[in-house]
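In: got a structure for you, letters missing:
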């Protein structure tokens with residue numbers, strides 16, 4: 001079983017490490033700009049870093065759920081590759097937002113596109129499972145016949 005999920009697990013760990021990096025960036029920004037918790041407002045530079053981290057944290061559970069569903073029901077390799085693309089796009093988003101609010105747009109649209117692809121492959125994989133398991137209809141065999 002582990003050989004069927006090792007890439008998903010590796011991408012998950014990378015995602016957690018990325019989230020930790022984003023958290024640390026907020027801590028460093030708080031120290032740099034003298035903003036103690038629970039305050040969340042300050043100079044625009046701080047607020048952009050804070051918003052980038054919060055936004056990334058909000059999307060992380062969605063990403064994880066889709067990563068694992070796509071990997072378990074569709075294809076582990078494709079899901080892991082899409083997961084790496086998503087993490088890279090999130091990193092670009094964070095760094096772009098840190099520099100300027102307008103530089104966040106292209107990476108956020110790209111990462112949203114990756115999430116939509118993960119939704120599609122998850123739905124296809126789950127649909128195939130239900131059709132083959134409960135209806136006895138193997139769509140893959142029909143397509144290759």
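Out: Looks like it arrived, so ask away. Keep in mind that what you see is a predicted model, and the values were worked out from it rather than measured.

In: which stretches of this structure form strands?
Out: Assigned strands in the chain: none (criterion: DSSP state E).

In: Any stretches of it with poor pLDDT?
Out: In the predicted model, the chain carries pLDDT under 70 at residues 145.

In: Helices of that one, residue ranges please.
Out: Taking DSSP state H as the test, the helices found in the chain are 6-33, 44-73, 76-99, 105-130, 139-144.

In: Reformat those helices as JSON lines; add mean neighbour count.
Out: In this view, the C-beta of every residue, glycine as well, is placed from N, C-alpha and C. Conversion of the helices of the chain to JSON lines gives the following (neighbours: other CB atoms under 10 Å):
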{"stretch": "helix 6-33", "mean neighbour count": "15"}
{"stretch": "helix 44-73", "mean neighbour count": "18"}
{"stretch": "helix 76-99", "mean neighbour count": "19"}
{"stretch": "helix 105-130", "mean neighbour count": "16"}
{"stretch": "helix 139-144", "mean neighbour count": "9"}
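
In: OK, contacts around the spatially most central residue of the chain?
Out: For the chain, the residue sitting closest to the mean C-alpha position, by CA atoms, centre = their mean, is residue 63 at 3.8 Å. Residue 63 makes contacts with 15, 83, 86, 115, 118, as judged by CB atoms under 8 Å, 6 or more residues apart in numbering.

In: Can you verify my assumption that the first one contacts residue 64?
Out: Yes - in this structure, residue 15 sits in contact with residue 64. The criterion is CB atoms under 8 Å, and the distance is 6.9 Å.

In: Next up, the contacts around residue 103.
Out: 96, 97.

In: one more time with 10 Å, if that's ok
Out: Residue 103 makes contact with 48, 92, 93, 95, 96, 97, according to CB atoms under 10 Å, 6 or more residues apart in numbering.

In: which of the residues you listed lies closest to residue 134?
Out: Residue 134 has its nearest neighbour among the contacts of residue 103 in residue 93, at 39.7 Å by CB to CB.
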